[in-house]
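K.L.:
Output the structure for:
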Amino acid sequence: MQSSSLTPALPDRATLAADPHRPRYHFAAPANWLNDPNGLIEWKGRVHLFYQYNPNGPFHGTIHWGHASSDDLVHWRDHPVALAPTPGGADAEGCWSGCAVDDNGAPTFIYTGVNPQTVCLAMSDDGLESWRKHSGNPVIAAPPPEIAAHCGHDFRDPFVWREDGQWWMVIGTRREDVGGLVLLYRSPDLRKWEFVRVLLAGDEQASPYFYEGAMWECPNLLDFGDRRALIISVQDAQWRLQHAAYFTGAYHDHQFTPDAGAVLVYGDSFYAPQATRLADGRILLFGWMRETRPREASIAAGWSGCMSLPLIATMRNDGRLALEPAHELEKLRGAAWTISDLPLEPDTMLPLEIAGDALEIDVTFKADMLDDFGIAVRCSPDGAEQTRIVVKPERSELHVERSFADANPLVMPLEIEQALRLRIFVDASTLEIFTADGRCLATRFYPQRTDSTGVRLFTAGAPVDVRRLSAWTMTSIW
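P.N.:
Below is the predicted model of the structure:
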C-alpha cells in the first residue's frame with residue numbers, strides 16, 4: 001500500500017477570527033484555500049466533511065483533503081489533513097474531488113488523482129483519522145478510448161454507491177465542442193471497474209432547462225424512490241464556473257431518462273455540491289461558497305472559500321428538487337425579535353430593531369402584491385451601503401442588489417401564491433435565501449463599513465403587509 005506523504009499541520013483558527021468577512025456559522029478551513037466538499041459520510045454517529053484544501057496559501061494549488069467532523073451538523077471539530085499528494089504517485093499533482101463509502105466496514109475514499117486525471121482509492125483503519133493509499137492506484141487510469149479521444153483530458157469527481165450487489169460510479173467528463181458527459185461504471189470490489197455507458201450527454205447549444213455548458217463536474221446521482229436526481233456542476237468552454245444544476249427522471253436498468261431540470265442554487269457563488277444519505281434517511285448536501293472578491297483580497301485575508309449551510313434535499317411532486325436548511329441550525333439562534341401583522345404604506349423604508357452581521361430572518365409577506373418590495377440587510381445607517389433582497393411580483397422573480405458591488409443583480413424565479421415566505425441567512429460575507437417551495441439563492445458579499453449591520457423593510461409604489469417576521473442573532477459554530 002502507498003502511504004500519504006507527510007501531511008501539513010493545520011493553522012490556528014484564532015488567527016483569523018477577527019476578520020469581519022469571515023463567516024461565523026458557515027464552515028471554513030482554519031486558513032488558506034478551500035473548495036469542493038468531498039467524502040461526505042456519516043460514520044458511527046458523526047458526519048465527516050472532507051474538502052479540497054491548499055495548505056500553502058489562499059489560492060488553488062497543491063490540493064490536499066482537509067477534514068472536519070460533527071455530531072450535530074452545526075458544531076465542527078478539525079482533524080488532521082486526510083490526503084496529501086504522494087510524490088511519484090497517481091495523485092502527485094493533487095488529490096482532487098471524490099467521495100467516501102463504507103466498504104464492508106472499511107471507510108474508503110474514491111477520488112481524482114492528477115495529472116493525468118485518474119480514479120484512486122484510499123482506506124482508513126482507524127476510524128477516518130489516517131489514510132493509506134491503494135497500491136494499485138489508479139484503479140481507472142483513463143476514460144474509455146472513444147471518450148478519451150474527445151474529452152480534452154477532463155475526467156474527474158467520482159461519486160459511488162452500492163446497488164444490486166455491486167458498486168456503481170458516475171464521473172464527469174465532456175465531449176469537446178459539444179457539451180458535458182456523465183459516465184456510468186460498475187465494480188464488484190471498488191478496484192476493478194467496467195465502463196457501462198454514457199449515462200447522460202449534454203449539448204451546450206441546446207439546453208432545455210438551464211445553461212448546460214461545456215463540461216460537467218461533480219456529478220451526484222440521488223435516489224428518491226420512483227425518481228432520481230442527477231446533480232452536475234457546469235463549466236463553460238473558457239473554464240469559468242457557472243452553476244450547480246440538476247436533472248430528474250426515471251432510472252430503470254441503470255439507464256436515466258430525465259424529464260425535468262433546473263438550476264440547483266441561483267446566484268454567483270454556490271458550486272460543486274456533494275450529498276450523502278444520513279442514518280435518519282435525510283439527504284444532506286453541502287456546496288462550496290466561492291469568493292467573488294478579487295484574488296488579491298483573498299491573498300491579503302489569508303483564506304478563501306467556505307461551505308454552504310448544511311442543506312437537506314427532497315423531491316417535490318412536480319419533479320423539482322427542493323433545498324432547505326437543516327433544522328439543527330436552530331441550535332445557533334440567540335437573541336430573537338418578532339413582528340406580526342405589520343402594514344407598510346407605499347414608498348416606505350422602515351428600519352428595524354434587528355441588527356447584526358450574523359442573522360437568521362424568517363419573513364412572510366401577504367398576498368395581493370402589486371409592486372416591488374423586500375428587505376435590506378447589512379445596511380449602514382445612511383443607507384449608502386446595503387444589500388437589497390427585492391421581490392418583483394410582476395416578473396415572478398427575486399433580485400439581490402448589492403450597493404457596494406459592481407455587478408448586475410442576481411435573479412431567482414419565484415412562485416408567488418397566497419403568501420411569500422423567505423428564510424434569509426446573513427453571515428459576514430455570506431448570504432443564503434430560501435423560499436417555502438425549496439428554491440435557494442446564494443452569494444458572497446463584502447461590506448466595507450463596520451456599521452453596516454442594519455435591517456430594513458421597504459416598498460415601492462404599492463402597500464405590502466408583513467404577516468410575520470422573526471429574526472435571531474446567530475452564534476458561532478466554533
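K.L.:
for the closest residue to residue 478 other than its chain neighbours, what are its contacts?
P.N.:
Leaving aside its chain neighbours, residue 478 sits nearest to residue 13 (6.4 Å; criterion: Cβ to Cβ, 6 or more residues apart in numbering). In short, each C-beta sits where N, CA and C put it, glycine included. Going by Cβ atoms under 8 Å, 6 or more residues apart in numbering, residue 13 touches 30, 31, 78, 478.
K.L.:
Give me the pLDDT for residue 7.
P.N.:
The model reports residue 7 with a pLDDT of 77.
K.L.:
follow-up on the earlier one: and which of the contacts of residue 13 is nearest residue 130?
P.N.:
residue 78 (14.7 Å; Cβ to Cβ).
K.L.:
Just give me the neighbour total for that closest one.
P.N.:
Residues within reach of residue 78, counting by other Cβ atoms under 10 Å, total 15.
K.L.:
list the contacts for the closest residue to residue 380 other than its chain neighbours?
P.N.:
Spatial nearest neighbour of residue 380, excluding adjacent residues (Cβ to Cβ, 6+ apart): residue 452 at 4.5 Å. Counting by Cβ under 8 Å, 6+ apart, residue 452 makes contact with 357, 378, 379, 380, 385, 386.
K.L.:
could you say which helix or strand contains residue 452?
P.N.:
If you go by DSSP states H and E, residue 452 is not part of any helix or strand.
K.L.:
quick one: it and residue 426, what's the gap?
P.N.:
11 Å (Cβ to Cβ, to the nearest Å).
K.L.:
Tell me which residues of the one helix or strand residue 159 maps to come out buried.
P.N.:
According to DSSP H and E, residue 159 maps onto strand 156-163. When burial is assessed from 16 or more other Cβ atoms under 10 Å, strand 156-163 yields the following buried residues: 156, 157, 158, 159, 160, 161.
K.L.:
Next: stretch 322-333.
P.N.:
For stretch 322-333, by 16+ other Cβ under 10 Å, it's 322, 323, 324, 325, 326, 329, 332.
K.L.:
Sort out which one of these lies nearest residue 269 for me.
P.N.:
Of all the buried residues of stretch 322-333, residue 323 has the smallest distance to residue 269: 14.6 Å, by Cβ to Cβ.
K.L.:
Helix or strand next in line after the helix or strand where that closest one lies, which one?
P.N.:
Assigned by DSSP H and E, residue 323 belongs to strand 321-325. Toward the C-terminal end, the helix or strand that comes next after strand 321-325 (DSSP H and E) is strand 333-344.
K.L.:
Okay, helices next: where are they in this protein?
P.N.:
Here the chain has its helices, by DSSP state H, at 145-148, 295-301.
K.L.:
is it possible to export those to JSON lines including distance to residue 250, mean neighbour count and mean pLDDT?
P.N.:
Below are these laid out as JSON lines (distance: least, Cβ to Cβ, whole Å; neighbours: other Cβ atoms under 10 Å; pLDDT from 0 to 100):
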{"stretch": "helix 145-148", "distance to residue 250": "24", "mean neighbour count": "12", "mean pLDDT": "98"}
{"stretch": "helix 295-301", "distance to residue 250": "43", "mean neighbour count": "14", "mean pLDDT": "97"}
